[in-house]
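> below are the sequence and a predicted model; questions follow.
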Amino acid sequence: MGRGAGREYSPAATTAENGGGKKKQKEKELDELKKEVAMDDHKLSLDELGRKYQVDLSKGLTNQRAQDILARDGPNALTPPPTTPEWVKFCRQLFGGFSILLWIGAILCFLAYGIQAAMEDEPSNDNLYLGVVLAAVVIVTGCFSYYQEAKSSKIMDSFKNMVPQQALVVREGEKMQINAEEVVVGDLVEVKGGDRVPADLRIISSHGCKVDNSSLTGESEPQTRSPEFTHENPLETRNICFFSTNCVEGTARGIVIATGDRTVMGRIATLASGLEVGRTPIAMEIEHFIQLITGVAVFLGVSFFVLSLILGYSWLEAVIFLIGIIVANVPEGLLATVTVCLTLTAKRMARKNCLVKNLEAVETLGSTSTICSDKTGTLTQNRMTVAHMWFDNQIHEADTTEDQSGATFDKRSPTWTALSRIAGLCNRAVFKAGQENISVSKRDTAGDASESALLKCIELSCGSVRKMRDRNPKVAEIPFNSTNKYQLSIHEREDNPQSHVLVMKGAPERILDRCSSILVQGKEIPLDKEMQDAFQNAYLELGGLGERVLGFCQLNLPSGKFPRGFKFDTDELNFPTEKLCFVGLMSMIDPPRAAVPDAVGKCRSAGIKVIMVTGDHPITAKAIAKGVGIISEGNETVEDIAARLNIPVSQVNPREAKACVVHGSDLKDMTSEQLDEILKNHTEIVFARTSPQQKLIIVEGCQRQGAIVAVTGDGVNDSPALKKADIGIAMGIAGSDVSKQAADMILLDDNFASIVTGVEEGRLIFDNLKKSIAYTLTSNIPEITPFLLFIILGIPLPLGTITILCIDLGTDMVRPKLGSGWWNPGKWTEGEEKYVSREGGPARGTSACHFPPSPGPCYLLGL
C-alpha cells in the first residue's frame, strides 16, 4: 500500500502481473498525476467538511478512529520509488555505450594472444599488453563516470528533507504532539509561526496566518491563509495549506484533507521521481559512432581475412590479421577524451556561473533548440522597482538612479511631497541593519516586495525614510487585507504639533472610491467626472504596461476632534475612512535583466526558440516578453491584429499572428494536437498563468516537435518539468533544493544570459568532439596501411603493436583533449539549425571535419 495514499495515485498500487502491464499501469498513473489538482474541499462549508471526514470540528478525531484510518491509509510519508542498485549503475558505466567497443577490442586482443600462445613456443606479448591497456582505459573512465553520477544525490532525498518531524493535533478534545507520520485524514491540526505544515489542510480558523509557499510554487511573498473560499483553483484559494510549506507568522487550525502521496507535494514528488528521462544527444551520437566504426572495422577485418587466405596465409594467421585490423580501428583514447573534454568545459562553465551536475548536460545544452524560461528572476531581476507615477494629472517616469540624474519632474511639487510622504509612512518595509555603505538599490529589505520598491524609491528621491518616520511617529495602523484591499496608518504630523495625518494606499479603484477630492498642484479640488476619467486613463495605461499599480490618498485629521494622545481604535474605527483626498498613483515592475535582450537575440540568430512560461498575468507577461525581445518589435498577437483592424478576435486567422500569448485556462482545455498546432505555427510564444502540470505538458509538446528542450525552474512544482526536459536548469539563488536536485545544471546567478553562455560552450564541445572523432578516424589510415603492405607485399612492419598503442593513446587522448577544450566555437550564424536530431545521430550539415591530412574518410563515414 502506498503511504498515506489511496490506490489512485500510489506508485505502489501497481498490481499488473507482467512487465508490460506494470509499464502501462505506471504510464496511466503518471498521466493521472499530470492532470490538474482536483478537489472540492475548499468549496465546502465547515458543516459539510465535518460530515465528509466524520470529525468533530472542536474535539477532533477519536484515538480509535485515527488508528483505523492510519491502518487503512498507511503513514503520512512519501513512498520512495524503486531504486537501481549501485552495482547495476556501476556496470552501466563499465559496459554501456562506447565502453562495449573497447571491451570487444580487449577480448579480441586476449583471444589473439591465446591463439599465438597455442601456436608458438615463445609468443609475443604485444596483444596481451594491448588487451590489458584497453581494459584499464575502460575501467578507469567507467569509475570516473560512476563517481560523477554518484555525486548527484537522489531527488526523493531532498523531498524527505522538507517533511516535518512533529505535528500538533487535537484528538478527543485534547492537544497532543505526535510524530508527523501518524497524522491521518480528518485530523484537527494546529500550526503556528515557524512550523512546517504536516499535511494538506483545509483551514477552519486563523489569526494573522501567513505561509511561505516558495518551496512549492516559487512565490517569494508570504501568502495569507484564512477560512474563506477565495478561488475556484485549490492552488490559489486562501483556505488550503499545503504539506511541507512553512507557516511564517500567526496561527491556524485546519482539517487534514490529504496525507503522504495524496498531497500536492506528494503528487509532484511521485511525478518527478517516476518520469523516465530520455537519452542525451551525446549518448545518441556515441551510439551512432559505435555503429559506424564497428561496421568499418568488421568490413576491413573480414576483407583482410579473405585477402590473407587468398595470398596463402594459414587460417590462424588470417585470424590474427582479422583481430589486429579490428583492434586497430578501435579508438582507444576516445572514451577518455570525451570525458576529459566535458570535464574541462564544465569547469570553464562553472567560472561563468553555470554549475553542471551531469557532464553530458554540457553537450546537451549546445544541442538545445528550444528554451522554456521562467520570467521572474531569470528574465527579470526579481526585484520590484517603481517605474512610473501619476500625479498632477501627468504620468512621470520614476528615477531609480543613485544620483537622481534622471528625474523628469519637479521634486518641489507639493503633490509629490505629499505622495512621497504617504509612500514612506504607509509602508512596513525596512532596510536590514548594517548596509549604510551599500547603494540603496542593492540593499536587502525586510518586507513585501512592492513596499520594498516604494521604500527604495523614496529613499533615493527624498533621503532617509527612517528619519521621515521618526519625525512622523505612527500611532495607529490597519494592515492590508484581501477584504478591504487597502493599508492605512495614522501619524503625528511634523508640520503641525497638535494634529494627525491619515495615509492610505491600496488597489487604485478601491482607494478612489473612498475619496471625494484630489490633490492637484498642492490644492484640493473636487473629484469630478473629468478627474475620474483622467485617473481611469492613467490607470489603464500603466496597467497595460504590465505594471502593478497602487493608489495613494490622505486626510489631515482636525486637531480639535483628534488631538495628540487621542486613542485611535482600528477595530471600531473611531476615525474617518471616507471622503479622503486622492493624491496619485505609483506603478511597479520587475524590470528585465540588462543582458537578457541581447541573449534572446543571440538565441534567435542561432535558431533557438525562446518560450516564456510564467504564472503571472498575461498582460504583465506580454509586456516583459516585448521588453526582452521574446516577442520582437513588429510582431503581433491575434489580440493585437483584432485591435488594429477593430474586429473581434474570433475573426482573426491565428496563423496570421507570429506571436502568441496563451492563458493557462485555455491551455487546460486544449488537446495535444491543438498545442502542437500552436508550437508549430507561432515562432514567438508566451504561456501565462500556467500551473506546474502545464509546464510539463508544454515541455512534452516541444519534444513531440523534435526539439531538444532546456527548461528553467526554481520551485518544487517545477521539478517534473526539469526532469523531463533534455536539460533542466535550476536557479542557484531562488531555487529550492528539490528543483536543484532534479536539474542537470544550476545557474549560480539566476541569469538567463548565463544559459546562452552555456549554449555557446556546449556548441563548442559538440563541434570539437566531432573534430576529435574526425582526427581519430583519419589517424587510422596511416596505422592500417603498413598492415596492408605487410600482408600484400611482405614489407616488414615499421611499427610494432606496442608502438602503435603508445601513439594511439598519446594522440587520441592528448591532442584532442587539448584541442576540444580550447578550439574557437566560431560565430553563430543566422538560422543555424540544431546540432542533433531527436531521432539520434548528427543533424546533416553539422560536420566539423577540418583536418587537411586526409579528410576523405570523414565524409565517407557520414561526418
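Yep, that arrived.

> need the longest helix for this structure.
Looking across the chain with DSSP state H, the single longest helix is helix 752-793.

> so how far is Arg471 from the residue nearest to Pro558 when sequence neighbours are not counted?
Leaving aside its sequence neighbours, Pro558 sits nearest to Ser499 (Cβ to Cβ, 6 or more residues apart in numbering; 7.1 Å). C-betas here are computed from N, CA, C, even on glycine. Per Cβ to Cβ, to the nearest Å, Ser499 is found 14 Å from Arg471.

> and the longest helix of the chain, how far out from the chain middle?
34 Å (Cα atoms, centre = their mean, to the nearest Å).

> check stretch 431-443 too.
Centroid separation for stretch 431-443 versus its chain: 29 Å, with Cα atoms, centre = their mean.

> how about stretch 466-473?
Taking the mean of its C-alpha atoms, stretch 466-473 sits 42 Å from the chain's own mean (Cα atoms, centre = their mean).

> just to revisit the earlier point, measure the residue nearest to Pro558 to Lys474 for me?
Taken as Cβ to Cβ, the span from Ser499 to Lys474 is 15 Å.

> more crowded one of these two?
With neighbours defined as other Cβ atoms under 10 Å, Ser499 and Lys474 compare such that Ser499 has more, 17 against 14.

> my read: that one touches Gly565, true?
No: the criterion here is Cβ atoms under 8 Å, and Ser499 misses it with Gly565 at 11.9 Å.

> between those two, what contacts are shared?
Overlap of the contact sets of Ser499 and Gly565 (by Cβ atoms under 8 Å, 6 or more residues apart in numbering) is empty.

> report pLDDT for Lys35.
In this model, Lys35 is scored at 65, pLDDT.

> check Val185 too.
pLDDT recorded at Val185 is 96.

> check the one 10 residues further on too.
The predicted structure scores Asp195 at 89 on the pLDDT scale.

> pull up the gap between it and Val699, please.
In terms of Cβ to Cβ, Asp195 sits 34 Å off from Val699.

> just want to know which of these two has more residues nearby.
Val699 (26 against 20).

> any idea which helix or strand carries that one?
Element membership for Val699, per DSSP states H and E: helix 692-704.

> so where is the stretch 401-550 of the chain shaky, pLDDT-wise?
Low-confidence segments of the stretch 401-550 of the chain, defined by pLDDT under 70, span residues 406, 482-483.

> what about the helices in it?
414-425, 449-462, 465-471, 508-513, 529-544 (DSSP state H, counting those that start in this stretch).

> alpha carbons of the shortest one, in CSV - could you do that?
This points to helix 508-513. Below are the C-alpha coordinates for helix 508-513, written out as CSV (Å, rounded to 0.1, in the frame of the first residue of the first chain):
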residue,chain,number,x,y,z
PRO,A,508,-6.4,52.1,-7.1
GLU,A,509,-10.2,51.7,-7.7
ARG,A,510,-10.8,51.0,-4.0
ILE,A,511,-8.8,54.0,-2.9
LEU,A,512,-10.6,56.3,-5.4
ASP,A,513,-14.0,55.1,-4.1
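
> so how far is that helix off the chain centroid?
37 Å.

> buried ones in it?
The neighbour-count criterion (16 or more other Cβ atoms under 10 Å) identifies 508, 511-512 as the buried residues of helix 508-513.

> of those, which is the nearest to Ala606?
Pro508 (42.8 Å; Cβ to Cβ).

> just the buried residues of stretch 310-328, please?
313, 317-328.

> could I get these as TSV with secondary structure?
Shown next, in TSV, are the buried residues of stretch 310-328 (DSSP: H, G, I helix; E, B strand; the rest coil):
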residue	secondary structure
Tyr313	coil
Glu317	helix
Ala318	helix
Val319	helix
Ile320	helix
Phe321	helix
Leu322	helix
Ile323	helix
Gly324	helix
Ile325	helix
Ile326	helix
Val327	helix
Ala328	helix
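
> turn those into TSV, including distance to Asn427 and pLDDT.
Shown next, in TSV, are the buried residues of stretch 310-328 (distance: Cβ to Cβ, whole Å; pLDDT from 0 to 100):
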residue	distance to Asn427	pLDDT
Tyr313	93	82
Glu317	92	76
Ala318	90	80
Val319	87	78
Ile320	87	74
Phe321	86	76
Leu322	84	78
Ile323	81	75
Gly324	82	72
Ile325	80	76
Ile326	77	74
Val327	76	71
Ala328	77	71
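
> per the record, what domains does the chain have?
Split into domains by automatic domain parsing, the chain comes to 11-71+158-274, 354-380+595-758, 385-589.

> which of these is buried the deepest?
Each of the domains of the chain was scored by mean neighbour count; the highest is domain 354-380+595-758, a mean of 21, by mean count of other Cβ atoms under 10 Å.

> tell me how far it is from the chain's mean position?
Worked out by Cα atoms, centre = their mean, domain 354-380+595-758 lies 10 Å from the chain centre.

> now stretch 784-801
So, by Cα atoms, centre = their mean, the centroid of stretch 784-801 is 58 Å from its chain's centroid.

> so what touches that stretch?
By Cβ under 8 Å, 6+ apart, stretch 784-801 touches 124, 126-127, 129-130, 300, 304, 307-308, 311, 313, 321, 324-325, 328-329, 783, 807.

> quick one: low-confidence parts of the stretch 101-250 of the chain?
148-164, 214-221.

> number of nearby residues for Glu122?
Residues contacting Glu122 under the criterion other Cβ under 10 Å number 7.

> roughly how far does it sit from Tyr313?
Distance from Glu122 to Tyr313, by Cβ to Cβ: 20 Å.

> kindly report the same for Ala657.
Counting by Cβ to Cβ, the gap from Ala657 to Tyr313 is 72 Å.

> can you check Cys581 too?
Computed with Cβ to Cβ, the distance linking Cys581 and Tyr313 is 107 Å.

> same check, this time on Gly634
73 Å.

> and what of Leu788?
Leu788 is 13 Å from Tyr313, by Cβ to Cβ.

> now do Ile781
In terms of Cβ to Cβ, Ile781 sits 23 Å off from Tyr313.

> cool, Glu48 as well?
Taking Cβ to Cβ, one finds Glu48 at 91 Å from Tyr313.

> now swap in Asn233 and tell me
Distance, Asn233 to Tyr313, using Cβ to Cβ: 79 Å.

> now do Leu789
From Leu789 over to Tyr313 the distance is 15 Å, taken as Cβ to Cβ.

> now do Gln64
According to Cβ to Cβ, Gln64 stands 89 Å off from Tyr313.

> residue contacts, the spatially closest residue to Gln435 that is not a sequence neighbour?
Using Cβ to Cβ, 6+ apart and skipping residues adjacent in sequence, the residue nearest Gln435 is Arg443, 4.6 Å away. Residues in contact with Arg443, defined by Cβ under 8 Å, 6+ apart, are 431-432, 435, 456.

> among these, which two are most distant?
Taking Cβ to Cβ, no two of the contacts of Arg443 sit farther apart than Lys432 and Lys456, at 12.7 Å.

> please enumerate the shared neighbours of the two.
Taking Cβ under 8 Å, 6+ apart as the criterion, Lys432 and Lys456 both touch 443, 445.

> per-residue pLDDT of the residue nearest the centre of the chain, please?
For the chain, the residue nearest the mean C-alpha position is Gly713 (1.0 Å; Cα atoms, centre = their mean). Gly713 is assigned a pLDDT of 82 by the prediction.

> you'd agree it is up against Gly735?
Yes: assessed by Cβ under 8 Å, Gly713 is found in contact with Gly735 at 7.5 Å.

> need the overlap of contacts for those two.
Common neighbours of Gly713 and Gly735 (Cβ under 8 Å, 6+ apart) are Ala743.

> fine, thanks again, bye for now.
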